[in-house]
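Engineer: here is a sequence together with a model predicted from it:
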Amino acid sequence: MPERDDIVVMKFGGTSVAGPQEIKRAARRIVSAREAGNRVVAVLSARGKSTDELVAAAFEISDRPDPREMDMLLSTGERISCALASMAINDMGHKAVSLTGSQAGIVTDSSHTKARIIDVRADRIKETLGKEQIVLVAGFQGVSTDSRDVTTLGRGGSDTTAVAIAAALGASVCEIYTDVTGVFSADPRIVPGARKLPVVSYEEMLEMSASGAKVLQLRSVEYARNYNVPIHCRSSFEDLPGTLVLPESETMERPIITAVTHSDDESRVTVVGVRDEPGIAGRIFTALAEANVNVDVIIQNEPVGDDALADLSFTVDRDDLPTAVDVIGELGEISHSVRTDERIGKVSIVGAGMRTNPGVAAKVFEVLGREHINIEMISTSPIKISCVIPADEVKHAVQSLHAAFDLGDDAILPDDPTGENPTVPGL
């Protein structure tokens with residue numbers, strides 16, 4: 001990895017570039033970072049709801065749009081944002097150059113709509129920075145290494161673009177600008193008293209992103225952890241410190257529970273009457289992986305009848321449900337039938353302190369039981385407990401767990417190792 005210097009990568013989300021005033025505000029932040037002596041690369045998302053509008057337009061034409069053409073369509077939104085922001089920066093007296101994902105050297109696999117970055121060939125970015133120019137990169141997109149087709153990285157993919165570029169350049173920090181002031185102990189829309197977290201570890205943020213927190217895309221946090229890129233998640237609309245995402249060794253002592261997260265955009269698939277024999281589960285989940293369907297919670301019951309048939313349930317993103325059902329159907333006579341629940345809920349607690357504090361799971365189950373919230377599936381890791389529950393109980397579950405673990409603004413916490421103003425190079 002190159003030695004870190006004065007390079008700062010700044011990523012602006014859709015709400016941060018939604019209209020002319022927002023784009024000009026983002027441009028001023030970029031210029032301010034440049035005038036502070038940093039070399040600046042900014043990664044921009046599509047404006048506001050433009051990606052949703054492009055998706056809707058595709059479905060007006062086709063019930064199942066071709067994935068390659070969807071990538072070609074959806075990649076346009078970020079290019080528009082970059083071109084407009086570049087114009088604003090040039091009007092402020094600084095030279096900015098906008099690049100598409102492929103021009104910036106973002107090389108991916110060929111999984112359309114969910115591509116993964118496999119390399120960042122940042123020569124053109126470095127050359128432009130060497131000319132004392134600001135670089136704007138269209139987020140969420142790249143080019144596949146084999147077919148040379150345009151690819152997109154999935155929802156939130158601009159986060160991953162920014163972190164990958166920061167890693168390739170050895171940037172001092174990757175700043176993620178959003179419409180919230182940082183990462184909170186719960187969704188403030190559900191828990192108004194949720195606390196802004198001054199710092200979280202990569203491991204905690206990974207679990208939070210995987211279990212429903214939408215502040216940072218999961219793969220962006222994975223990339224940051226793998227390449228030791230500090231992330232500063234902060235507001236586009238307030239000039240205040242946000243939340244730092246750092247290695248666990250730099251976060252010092254943390255509370256037992258850091259946050260309560262939730263998801264209500266998942267579905268459940270139950271494969272009924274699965275033959276209880278070696279290799280069947282492997283066939284099912286290999287086929288799902290090959291179709292790029294990410295599986296979360298998995299439960300298989302032990303057969304109790306003479307027919308030795310089991311039921312296998314798992315959860316997937318709701319958008320992946322039709323693909324998952326098709327994949328299982330194509331496997332032939334491995335089961336009697338497939339059942340689906342298109343709307344389930346999931347609530348999770350996350351905290352590095354869970355490793356050394358027994359009784360956390362018992363408290364979670366006790367709280368949900370006391371509130372008459374039925375747990376349908378359970379998944380655990382050393383620092384996370386997730387419960388699948390009825391979708392209409394999610395809000396109640398989040399509020400109850402947040403209160404039970406005393407995660408509000410008035411909680412007594414260990415000292416913030418970053419202080420009032422995080423001192424990461426480049427901020």
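Structural biologist: Received it, and whenever you're ready, just let me know what you need.
Engineer: is F59 located within a strand, as I assumed?
Structural biologist: No: per DSSP: H, G, I helix; E, B strand; the rest coil, F59 lies outside any strand segment and is helix.
Engineer: how close does it get to S267?
Structural biologist: 18 Å (CB to CB, to the nearest Å). Yep, even glycine has a C-beta here, placed from its N, CA and C like the rest.
Engineer: between these two, which has more neighbouring residues?
Structural biologist: The neighbour comparison of F59 against S267 (other CB atoms under 10 Å) goes to S267, with 20 against 11.
Engineer: that one is in what secondary structure piece?
Structural biologist: Remark: S267 resides in strand 259-275, with elements defined by DSSP states H and E.
Engineer: may I see the buried residues of that strand?
Structural biologist: Neighbour counts using 16 or more other CB atoms under 10 Å place A259, V260, T261, H262, S263, E266, S267, R268, V269, T270, V271, V274 of strand 259-275 among the buried residues.
Engineer: do the same with stretch 372-382
Structural biologist: Per 16+ other CB under 10 Å, stretch 372-382 contains these buried residues: I373, I375, E376, M377, S379.
Engineer: next: stretch 169-181.
Structural biologist: L169, A171, S172, V173, C174, E175, I176, Y177, T178, V180, T181.
Engineer: which residue ranges form the strands in the stretch 1-150 of the chain?
Structural biologist: Using DSSP state E, counting those that start in this stretch, the strands of the stretch 1-150 of the chain run over 7-12, 39-44, 96-99, 106-108, 117-120, 134-138, 141-144, 150-152.
Engineer: is it possible to get CSV of those that adds distance to E78, mean pLDDT and mean neighbour count?
Structural biologist: Listed next are the strands of the stretch 1-150 of the chain as CSV, based on distance: least, CB to CB, whole Å; pLDDT from 0 to 100; neighbours: other CB atoms under 10 Å:
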stretch, distance to E78, mean pLDDT, mean neighbour count
strand 7-12, 10, 97, 28
strand 39-44, 6, 97, 30
strand 96-99, 10, 98, 22
strand 106-108, 11, 97, 26
strand 117-120, 15, 95, 17
strand 134-138, 4, 98, 29
strand 141-144, 6, 97, 26
strand 150-152, 9, 97, 27
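Engineer: nearest to D239, of the ones you listed?
Structural biologist: When the strands of the stretch 1-150 of the chain are compared by CB to CB, strand 7-12 sits nearest D239, at 13.3 Å.
Engineer: tell me the contacts of G273?
Structural biologist: L309, A310, D311, S335, H336, S337 (CB atoms under 8 Å, 6 or more residues apart in numbering).
Engineer: hang on, I meant I344
Structural biologist: Residues in contact with I344, defined by CB under 8 Å, 6+ apart, are D264, E266, S267, R268, T315, E376, V388, I389, P390, A391.
Engineer: what kind of secondary structure is it in?
Structural biologist: Applying three-state DSSP: I344 is strand.
Engineer: beta-bridge partners for the nearest residue to it once chain neighbours are set aside, please?
Structural biologist: Nearest residue to I344 in three dimensions, chain neighbours excluded: R268, at 5.1 Å (CB to CB, 6 or more residues apart in numbering). Beta-bridge pairing for R268 (DSSP bridges): T315, D341.
Engineer: for R268, give me its contacts.
Structural biologist: Counting by CB under 8 Å, 6+ apart, R268 has contacts S313, F314, T315, T340, D341, I344, M377, V388.
Engineer: tell me where the model's unsure across the stretch 201-350 of the chain.
Structural biologist: 249-254, 303-308 (pLDDT under 70).
Engineer: skipping its backbone neighbours, what lies nearest the residue most central in space within the chain in space?
Structural biologist: The residue lying closest to the centre of the chain (CA atoms, centre = their mean) is Q217, at 1.4 Å. Spatially, and ignoring its direct neighbours in sequence, Q217 is nearest to G156 (3.2 Å; CB to CB, 6+ apart).
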